[in-house]
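K.L.:
next input, structure requested:
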Amino acid sequence: MSLIKQKTINDSMKKSSILLLLISSFMSFGQANDDAYNEALDNFKIHFNERQFDSIHEMFAESMKKAVTLDVLKIQMESFYQMAGLIKDVSFLKDSEGSKIFRVNHEKNLWEYRIALKANNKIIGLRPQPYISPDIKIIERNITKMILPFKEEWYVFWGGTEVAKNYHVAHENQKYAYDIMMVKDGSSLKGDPKKNESYYVFGKDVIAPCDAKVVQVIKGVHDNIPGEMNPGQLTGNTVVLETDSKEYILFAHLKQGTIVVNEGQMVKQGDLLGNCGNSGNTTEPHLHLSLQNTKDMFSATGGKLFFDKINVNGKIKEDYLPEQGDKIKNIEN
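P.N.:
As a prediction, this is how the structure comes out:
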């Protein structure tokens, strides 16, 4: 997820953070037996897949019902449903301080649920978070040589290794990600701020920064009216590339109807992927760009994305990690 305005970022993170999907309470640890946990997960799966969120609310203990009202739960569950998809299967992982942890295989990605039950088998704590496989290695930085994934000169709104310059650093799965746009005369737009077409970057080509394989494509997400967001589709129209070194590059918030590649396709450096847009959980047109150790953003750990040889603020830089405030473009051959 990436947003442009700082206040909007903070507000959205509070509302849609995966760890706050349900306000969890594990102060009183569950005393239910294993069969009760299995039954609870089975019922949760049925209700979730049928989007019967009122039935899920009835599974809560009174303390949970007070912490998470039915109206709030419906909003959170619908957003989670759009993000994760149907539950396919559930498997037990381990006990954890009076609660139990399960691996839950959703249609779109894997999740880890921590759940606690009271003796009456009511839920007193429920916290989904992305499942991170212990077999996935961490990528500190890319070894594949990259060009910038766009033409012309773009501006780094969020970028770098410090939270002050790049809010993504505080979030493991987006660590060191960039939000990049175009700026002229100190502004990202000219004209009506409620029209995407007013923004200089909207509709600009997004190209492959290296030879790679297309491993994920998300299409069909509408472009927001600037200032509005779509938390149910965090990355919007998306392309993920896999390099020969198993590095994954995510391009988010692309313009609806412009993605020209398909999953399984091989692309060459410079090939068109799609156009910059304003789809997903974003306040205005821009490109969210990140290096990951897996194609699934929700279970990924971010890495530093360096570029081989680019023009930065009018000077040539080699093996460079752009940061907030940089004006960057590829070197013309």
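K.L.:
quick one, strands of the stretch 51-200 of the chain?
P.N.:
When secondary structure is read from DSSP state E, counting those that start in this stretch, the stretch 51-200 of the chain shows strands at 87-96, 99-106, 110-117, 123-130, 154-158, 178-181.
K.L.:
counting contacts, what elements does the longest one pack onto?
P.N.:
With contacts defined as 3 or more CB pairs under 8 Å, 6 or more residues apart in numbering; DSSP states H and E, strand 87-96 has these neighbours: helix 34-49, strand 99-106, strand 110-117. C-beta coordinates here come from the backbone N, C-alpha and C atoms, glycine included.
K.L.:
listing partners with orientation, what would you give for the last one?
P.N.:
Taking DSSP bridges as the criterion, strand 110-117 pairs within the sheet with strand 99-106 (antiparallel), strand 123-130 (antiparallel).
K.L.:
run through who's touching it.
P.N.:
The list of residues contacting strand 110-117 from outside it, by CB atoms under 8 Å, 6 or more residues apart in numbering, reads 24-26, 28-32, 36-37, 40-41, 84, 90, 93, 96, 98-104, 123-133, 296, 298-299.
K.L.:
repeat the analysis, applying 7 Å as the threshold.
P.N.:
When contacts are taken as CB atoms under 7 Å, 6 or more residues apart in numbering, the neighbours of strand 110-117 outside the stretch itself are 26, 29-30, 32, 36-37, 40, 84, 96, 98-104, 123-131, 299.
K.L.:
of those, buried ones?
P.N.:
Among the contacts of strand 110-117, those buried by neighbour count (16 or more other CB atoms under 10 Å) are 26, 30, 32, 36-37, 40, 84, 99-104, 123-131, 299.
K.L.:
just the buried residues of stretch 35-49, please?
P.N.:
Neighbour counts over stretch 35-49 (16+ other CB under 10 Å) mark 36-37, 40-41, 43-45, 47-48 as buried.
K.L.:
and for stretch 196-211?
P.N.:
Buried positions in stretch 196-211, judged by neighbour count with 16+ other CB under 10 Å: 196, 198-202, 204, 206-211.
K.L.:
repeat for stretch 291-311
P.N.:
Buried residues in stretch 291-311, counting neighbours by 16+ other CB under 10 Å, are found at 291-303, 305-308, 310-311.
K.L.:
and the contacts of stretch 217-237?
P.N.:
In contact with stretch 217-237 (CB under 7 Å, 6+ apart) are residues 1, 12, 16, 78-79, 82-83, 193-194, 196, 238-239, 252-256, 259, 261-263, 274, 277-284, 297.
K.L.:
gap between that stretch and the chain center?
P.N.:
Remark: stretch 217-237 is offset 11 Å from the chain centroid, using CA atoms, centre = their mean, to the nearest Å.
K.L.:
separation between Phe92 and Lys100?
P.N.:
Spatial separation of Phe92 from Lys100 under the definition CB to CB, to the nearest Å is 7 Å.
K.L.:
then Phe202?
P.N.:
From Phe202 across to Lys100, the span is 47 Å (CB to CB).
K.L.:
check Gly257 too.
P.N.:
With distances taken as CB to CB, Gly257 is found 44 Å from Lys100.
K.L.:
least confident of the strands paired with strand 110-117, on average?
P.N.:
Lowest mean pLDDT of the strands paired with strand 110-117: strand 123-130, a mean of 88.
K.L.:
mind telling me what element the nearest residue to Pro149 once chain neighbours are set aside is part of?
P.N.:
Nearest residue to Pro149 in three dimensions, chain neighbours excluded: Pro209, at 4.5 Å (CB to CB, 6 or more residues apart in numbering). Per DSSP states H and E, Pro209 falls between elements, in no helix or strand.
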